[in-house]
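Peer 1: could you work out the structure for the sequence below:
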Amino acid sequence: MIDVERRPTLRLVVPTLREAHGIEAFLAALLPVARALGAEVVVVDDRSEDGTADLARAAVARLGAADLARVVVRAGPRGLSASVLEGWAGATAPLLGVMDADLSHPPDLLPRLVEEVEAGADVAIASRYVPGGGVEGWPLRRRVVSRAASLLGRTVVTARDPLSGFFVLRREVIEGVALRPRGWKIALEVLARGRVARVAQVPFVFRDRAWGRSKFGPRAVVDFLAHLARLHADRLRRR
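Peer 2: Alright, predicted model coming up:
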């Protein structure tokens, strides 16, 4: 059980879906970093059929991290963004964060993101598309789709990588804000609707997952386009 006497500096949510092959290696890499930061980690599993949640719980126990990490299995409709919001709900930590569980997001970058927010940024994004960032291991088609989607996302926000799944924010950015994300791109929703004045963009090299299968597919594209259209429509209504 997470130590309720210790007020964490950061609640980091790790949404999972069918990550059984690598969840133990991921937690072994993440949890020492989280402990050094004084963070709490919430793994929110979307009812994986491969035993991801049980393996995550076993890893937390084996690593002696029950005081800073817990595993939640969702009951509602599946969706990465919904998993993240469920994990953030009720947080008392001043900072909130999210990252993937397949080591495409390096845990050792997490302190830098926290530092940027503590230095005054409202949101700190690990960005593939600023100088020093990049992508490794993706085929050309996936690179083109990602670049095009990021450019479309920049029609509503200014960050160069608004679809990044690795970021940290001040809790006040979304406190009391009605977030309505669709699909995977929770960062786009936060940047578009949250109280965001300053964004720090920290370069990193995204390395494709070493295990398991990507969940990217036609449904993700449809969800993104529908989400983007809703953000544009809401902007027009506000005007």
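Peer 1: V60 is in what secondary structure piece?
Peer 2: helix 52-62 (DSSP states H and E).
Peer 1: what are the contacting residues of the helix or strand that comes right after that helix?
Peer 2: Going down the chain from helix 52-62, the next helix or strand is strand 69-73, by DSSP H and E. With Cβ atoms under 8 Å, 6 or more residues apart in numbering as the test, strand 69-73 has contacts from 1-2, 27, 31, 34, 40-45, 47, 53, 56-57, 60, 86-87. Quick note: C-beta positions are derived from backbone N, CA and C, even for glycine.
Peer 1: what's the PyMOL line that selects buried ones from these?
Peer 2: Those of these that count as buried under 16 or more other Cβ atoms under 10 Å are selected in PyMOL with:
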select buried, resi 2+27+31+34+40+41+42+43+44+45+53+56+57+60+86+87
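Peer 1: next step: the contacts of strand 69-73 restricted to helices.
Peer 2: Within these, residues falling in helices by DSSP state H are L27, L31, A34, A53, A56, R57, V60, E86, G87.
Peer 1: name the element V157 belongs to?
Peer 2: Per DSSP H and E: V157 is located in neither a helix nor a strand.
Peer 1: how close does the nearest residue to it once chain neighbours are set aside get to V177?
Peer 2: Leaving out its chain neighbours, the residue that sits closest to V157 by Cβ to Cβ, 6 or more residues apart in numbering is L191, at 4.2 Å. Counting by Cβ to Cβ, to the nearest Å, the gap from L191 to V177 is 12 Å.
Peer 1: give me the more crowded residue out of these two.
Peer 2: Ranked by neighbour count (other Cβ atoms under 10 Å), L191 and V177 place L191 first, with 25 against 13.
Peer 1: ok, G153 to L188 distance?
Peer 2: 5 Å.
Peer 1: ok, R70 next?
Peer 2: Distance from R70 to L188, by Cβ to Cβ: 27 Å.
Peer 1: pull out the buried positions in the top helix by length along the chain.
Peer 2: The residue-count maximum for a helix in the chain (DSSP H) belongs to helix 218-238. For helix 218-238, burial by neighbour count (16+ other Cβ under 10 Å) applies to A220, D223, F224, H227, L228, L231.
Peer 1: partner residues bridging the residue nearest to the spatial centre of the chain?
Peer 2: Nearest to the geometric centre of the chain sits V98, at 3.0 Å (Cα atoms, centre = their mean). Listed beta-bridge partners, V98: V13, F167 (assigned using DSSP bridges).
Peer 1: what sits against it?
Peer 2: Counting by Cβ under 8 Å, 6+ apart, V98 makes contact with L12, V13, V14, P15, V84, G87, G165, F166, F167, I186.
Peer 1: tell me which of the residues you listed is nearest to L113?
Peer 2: Of all the contacts of V98, L113 sits closest to F167, with 6.7 Å by Cβ to Cβ.
Peer 1: that closest one contacts A124, correct?
Peer 2: Yes - with contact defined as Cβ atoms under 8 Å, F167 counts as touching A124 (6.2 Å).
Peer 1: in the sheet, who's paired with the closest residue to Q201 other than its chain neighbours?
Peer 2: Closest residue to Q201 apart from its sequence neighbours, by Cβ to Cβ, 6+ apart: S127 at 4.3 Å. For S127, the beta-bridge partners are P203 (DSSP bridges).
Peer 1: I'd say S127 and L163 touch.
Peer 2: No - with contact defined as Cβ under 8 Å, S127 does not count as touching L163 (10.2 Å).
Peer 1: which of the contacts of V98 lies closest to D108?
Peer 2: Nearest to D108 out of the contacts of V98 is F166 (Cβ to Cβ; 12.0 Å).
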